[in-house]
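Asker: sequence first, then the predicted structure:
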Amino acid sequence: MNSAANPYLPQIGTIREIIQETPTIKTFRVTLDDPQAMEGLEFNPGQVAQLSVFGSGEATFVINSPPTRKEFLQFSVMRVGEVTTALHDLKVGDQLGVRAPLGNWFPFQEMKGKDIVFIGGGIGMAPLRTLLLYMLDNREDYGDISLIYGARSPQDLCYTYEFEEWRSLGANLTLSVDHEFPDWDGRVGFVPSVLAEEAPSPHNTVAVTCGPPIMIKFVLKGLKELDFEDDQIITTLEKRMKCGIGLCGRCNIGTHYVCVDGPVFSYAELRSLPAEM
Amino acid sequence: MGEMKFLSADKLTQWLEELSRTSTVLAPTQEDDAVVFRPYDPDRELRLERQPTMPPKEALFPGSETLLQYQYRKDPENPGKQTVEVRESQPAVNQVVFGARPCGARGFTIFDPVFEEGGYQDPYYQARRQSTLFVTLACSMPENTCFCHWVGSSPSDPRGSDVLLTPVESGYALEAITQGGERLLASELLTDGESVREEMEEVKQAARKELGQAPDLSDVPQKLFDLFEDLDFWDRMSAKCISCGACTYLCPTCYCFTITDEPKGASGERIRSWDNCMSYLFTLEGSGHNPRPTKAHRLRNRVGHKFSYYPRLHDQAFACCGCGRCIKSCPVCVDIREIILSAKEHPHE
């Protein structure tokens, strides 16, 4: 058996930095221990990785750093289960397993020349961050770039320390939280309501959304009310996954496996699939 | 037409002993109240008279197998730090599966496009696949749960086998299906089989005739697709189901699996085990969301996968070999044939 050909065998990586984003979300900056593997790693915005804590298991996370910034691979992890708790227990300098890249990616080539509206909720900002930074690093290839990002409370927003950089690179940010908080000077309301207030024009525009299933549902509805066509709306899905390579049988929606045919789908593609979100 | 040999009934055990000298021979063996595939043991009785309780699935896809082994070590330079080393496990087998029925051997032809011919090759399956031969026993007496003829097969289907044995009056007619099979037929215990060819064909035809007519299932993939959102239909079909998963574990074509870590102190293993899509936990997400929350959703996916999604992805082949074990083993008598026919006959809205 050739080890390079074994898709179950993770590479070993080391945690270089940990950022506490919110009370339940940590961001890990990871490099692969083999410098050649790190140098040679190629991926596209939206692709995912399986991270291993040996002894606890593996789980899937989007690579939320763009391929234009390859000094480390960045993952944001919300503590919800066994593997994510084990990841949260790791320290800088600890090793972990990485299988990457897996899955498909955002159609960033086809989106060139268009205005882009990102609509994110909570931890759903992670995959959007990858594409947003990729576009900001290739700023001249894209038109207006705006972001509507909401969370339950100000302390549940991720990447707040980067917002100024995003603005300075040419993104227009609208931030919102679910209800009033002291010292909050952004918007108040659920993301779909903020979207309706902002009312971006669908003209030559692509909308990219990710967040909790209930948010995505109402954002899709809102975008349709703003006359976005199905193929102007892109989302990225999350499912329980084990193998990440299209075999183990739990992430399929009908004939499509979210791990290899996704996680990125246009709304047009989603509508052609059975309704099993 | 492959080479044709004859093995007299009284030489069968000798042949198995001969094969056992160079390979592990897995043969249907009585164990408690089940007939299962175990390494051939001359002191244990072979059970060839009817379909084994378990298909030979474990020969290529063990119920549980080690994928990786890991070991944490303390860094001698820095005792607060530890490093991890990971090794892949390499299955080393050289085996002959003897006495599976054609449906059991054919089950792996459903695995092959997924585990060997997709975007990713599964090295563990591949290693076993390449070093396993199937000496299969054609059925002369189908059971009333058999429906291999519904899914494009027959009681003497050679697909997935290397040698096909057909029981005749005084022994077995042996046909080599593959080159690997031809090598197995080189034994001096076997004699020329041309004289039993006619009898063999009669046995095959009689078995096929006994199964009777098969319904035309060519419209079923589309019918199931159309019925996807009819949860009333799936509620009715799954009303009796208790989500026990016996159907999935006994199925020669079910390949869903889970991957878990088994730690033992500072080391441990990452293992792959059969999983059960009829379980609520199978698709339960960390957030608490479950895309298949009821048994209706789960049965819909299991039947849909076998008779609609898989055929759409893999040349119209049903991911079912018609062995009927799911029907025999179901504690509440769910019959997949009834579900397929109900879908077929369901009025289109």
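Answerer: Received the coordinates, thanks. Everything quoted here is computed from the prediction, not taken from an experiment.

Asker: so, low pLDDT: which residues of the chain?
Answerer: Using chain A here. Applying pLDDT under 70 to chain A flags the ranges A:1-4.

Asker: I was after chain B.
Answerer: Regions of chain B meeting the criterion pLDDT under 70 cover residues B:1-2, B:349.

Asker: okay, helices next: where are they in it?
Answerer: B:12-22, B:57-60, B:102-115, B:123-130, B:179-184, B:197-211, B:220-226, B:231-237, B:246-249, B:295-304, B:310-313, B:325-329, B:336-345 (DSSP state H).

Asker: contacts for the last one, please.
Answerer: When you say that, I think you mean helix B:336-345. B:147, B:150, B:215, B:217, B:219-220, B:223-224, B:227, B:233, B:236-237, B:247, B:299, B:303, B:306-307, B:320, B:326-327 (C-beta atoms under 8 Å, 6 or more residues apart in numbering or on different chains). C-beta: built from backbone N, CA, C; applies to glycine.

Asker: what angle do that helix and helix B:295-304 make?
Answerer: Helix B:336-345 and helix B:295-304 meet at an angle of 90 degrees, taking axes from the mean of the first three to the mean of the last three C-alpha atoms, to 10 degrees as the criterion.

Asker: now helix B:336-345: buried residues?
Answerer: By 16 or more other C-beta atoms under 10 Å in any protein chain shown, the buried positions in helix B:336-345 come out as B:336, B:339-340, B:343-344.

Asker: list the contacts for B:His316?
Answerer: One thing to correct before we go on: residue B:316 is Gln, not His. Counting by C-beta under 8 Å, 6+ apart, B:Gln316 has contacts B:Pro221.

Asker: and the gap between it and B:Glu182?
Answerer: Noted for B:Gln316: a distance of 31 Å to B:Glu182, by C-beta to C-beta, to the nearest Å.

Asker: thinking again about what came up before, hmm, which of the contacts of helix B:336-345 are the buried ones?
Answerer: Buried members of those, counted by 16+ other C-beta under 10 Å: B:147, B:150, B:217, B:220, B:223-224, B:227, B:233, B:237, B:247, B:299, B:303, B:306-307, B:320, B:326-327.

Asker: before we move on, the earlier item: possible to save the helices of chain B as a markdown table with distance to B:Lys264?
Answerer: As requested, these are arranged in a markdown table below (distance: least, C-beta to C-beta, whole Å):
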| stretch | distance to B:Lys264 |
| --- | --- |
| helix B:12-22 | 34 |
| helix B:57-60 | 24 |
| helix B:102-115 | 29 |
| helix B:123-130 | 21 |
| helix B:179-184 | 39 |
| helix B:197-211 | 50 |
| helix B:220-226 | 45 |
| helix B:231-237 | 42 |
| helix B:246-249 | 26 |
| helix B:295-304 | 33 |
| helix B:310-313 | 38 |
| helix B:325-329 | 34 |
| helix B:336-345 | 40 |
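
Asker: what's the burial count for B:Glu45?
Answerer: 10 (other C-beta atoms under 10 Å in any protein chain shown).

Asker: give me the nearest residue to it, chain neighbours excluded.
Answerer: Leaving aside its sequence neighbours, B:Glu45 sits nearest to B:Gln30 (C-beta to C-beta, 6 or more residues apart in numbering or on different chains; 6.2 Å).

Asker: cool, and A:Leu136?
Answerer: Nearest to A:Leu136 is A:Leu169, by C-beta to C-beta, 6+ apart, at 4.0 Å.

Asker: from chain B, how far out is the one you found?
Answerer: Separation of A:Leu169 from chain B (C-beta to the nearest C-beta, to the nearest Å): 32 Å.

Asker: wait, what's in contact with that residue?
Answerer: Counted by C-beta under 8 Å, 6+ apart, A:Leu169 has contacts A:136-137, A:139.

Asker: one more: B:Leu299?
Answerer: So B:Leu299 contacts B:234, B:237-238, B:241, B:278, B:334, B:339 (C-beta under 8 Å, 6+ apart).

Asker: same check on A:Gly211?
Answerer: Listed by C-beta under 8 Å, 6+ apart, the contact set of A:Gly211 reads A:119-122, A:124, A:191, A:219.

Asker: ok, so of those residues, who is nearest chain B?
Answerer: Nearest to chain B among those is A:Gly122, at 10.3 Å by C-beta to the nearest C-beta.

Asker: and the strand of greatest length in chain A, what's buried?
Answerer: In chain A, taking DSSP state E as the definition, the longest strand is strand A:11-20. Residues A:11-15, A:18 are the ones in strand A:11-20 that count as buried (16+ other C-beta under 10 Å).

Asker: check the gap between the nearest residue to B:His348 once chain neighbours are set aside and A:Phe265 for me.
Answerer: Among residues not flanking B:His348 along the chain, B:Asp226 sits closest, at 6.4 Å (C-beta to C-beta, 6+ apart). Using C-beta to C-beta, we find B:Asp226 at a distance of 22 Å from A:Phe265.

Asker: higher neighbour count, the two?
Answerer: A:Phe265 (21 against 15).

Asker: all strands of the stretch 1-150 of chain B, in order?
Answerer: Assigned by DSSP state E, counting those that start in this stretch, the stretch 1-150 of chain B shows strands spanning B:4-8, B:24-31, B:34-39, B:64-75, B:78-88, B:95-100, B:132-137.

Asker: just the angle for the first one relative to helix B:12-22, thanks.
Answerer: Put plainly, it is strand B:4-8. 110 degrees.

Asker: out of the buried residues of strand A:11-20, which comes closest to A:Leu175?
Answerer: Lowest distance from A:Leu175 to those (C-beta to C-beta) belongs to A:Ile18, with 23.9 Å.
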